[in-house]
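>>> what's the 3D shape of this:
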Amino acid sequence: MFSRSRPRKLDTEQELYDVALRALTRRAHSVQEMKQKLARRTDNELLLRVVMARLKENGQLDDERYAKQFTRNRTESHKQGKFRIARDLRFRGVSDKLITSALEESAEHTDAAAMVRQRIERKLKSFRGDISPNKIASIYGSLLRAGFPSDLIRKELKALTSEPVPEVEDPSE
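As a prediction, the model looks like this:
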């Protein structure tokens, strides 16, 4: 059995830098995520700052590039809306300015209405029989959680179903 013990504390810049590079080969990280990850591996604040500066200087850590990549991935692969993407990026420590910029750039290349329609159609195919108000509310809630604007969801649901869309409070407002 593997035990979940604490990671070994590192004492040298090269060891800490290697840990950072291994983490970056698995997936991209925001500056805050990487700082937290490395802080668990050393007690030396100066060493942490040196490695973080080295990663930024070498272009391996860049929140602007990270935000754009994250946004592109979440819109194209996961079909998520801007509110969900913004919340997830904020949680990862990316500044609001960079989030806004990445979302604006992404909006130029994606059609949110088409993504909502596609998700609704996929959900409707999985339902058997009549489409009840509960099923409509379920679709509505899942699209809200996916980060799409409530007015867009209601418009697309109305267009694709003959059922009236129930009034549900939008948690993002």
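
>>> Walking through the chain, point out its helices one by one.
For the chain, applying DSSP state H gives helices covering 13-26, 31-39, 45-57, 63-76, 82-91, 96-109, 112-126, 133-145, 150-160.

>>> Low-confidence regions, the chain specifically.
Under the criterion pLDDT under 70, the flagged ranges of the chain are 1-5, 162-173.

>>> returning to what we had before: minimum distance to residue 6: which of the helices of the chain has it?
helix 31-39 (12.7 Å; Cβ to Cβ). For glycine as for every other residue, the C-beta is placed from the backbone atoms N, C-alpha and C.

>>> what sits up against the closest one?
Applying Cβ atoms under 8 Å, 6 or more residues apart in numbering, the set of residues contacting helix 31-39 from outside is 16, 19-20, 23-24, 29, 48, 51-52, 55-56, 61, 63, 92-94.

>>> so that helix versus helix 82-91, what angle?
Helix 31-39 runs at 40 degrees relative to helix 82-91, counting by axes from the mean of the first three to the mean of the last three Cα atoms, to 10 degrees.

>>> Can I get helix 31-39 in CSV? Just the C-alpha atoms.
Extracted in CSV, the C-alpha atoms of helix 31-39 (Å, rounded to 0.1, in the frame of the first residue of the first chain):
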residue,chain,number,x,y,z
VAL,A,31,1.5,31.4,-10.7
GLN,A,32,-0.5,31.0,-7.5
GLU,A,33,-1.0,27.3,-8.0
MET,A,34,2.7,26.8,-8.6
LYS,A,35,3.7,28.9,-5.6
GLN,A,36,1.4,26.8,-3.4
LYS,A,37,2.7,23.6,-4.8
LEU,A,38,6.3,24.6,-4.2
ALA,A,39,5.6,26.1,-0.8
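
>>> Report the angle between that helix and helix 63-76.
Going by the same axes, to 10 degrees, helix 31-39 makes 110 degrees with helix 63-76.

>>> Quick check: buried residues in helix 31-39?
Residues of helix 31-39 classed as buried by neighbour count (16 or more other Cβ atoms under 10 Å): 31, 33, 34, 35, 38.

>>> what do you get for stretch 88-102?
Across stretch 88-102, burial judged by 16+ other Cβ under 10 Å covers 88, 89, 92, 93, 94, 95, 98, 99, 102.

>>> what about that stretch, how long is it end to end?
Stretch 88-102 has its terminal residues 13 Å apart, counting by Cα to Cα, to the nearest Å.

>>> now swap in stretch 88-97 and tell me
Terminal-residue distance, stretch 88-97 (Cα to Cα): 14 Å.

>>> ok, and what's touching it?
For stretch 88-97, contacts defined as Cβ under 8 Å, 6+ apart pick out 30-33, 63, 66-67, 70-71, 74, 98-99, 102.

>>> Now distance to residue 8 too, for the residues you listed, in CSV please.
Shown next, in CSV, are the contacts of stretch 88-97 (distance: Cβ to Cβ, whole Å):
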residue, distance to residue 8
30, 24
31, 24
32, 23
33, 20
63, 28
66, 27
67, 32
70, 30
71, 35
74, 34
98, 34
99, 35
102, 36
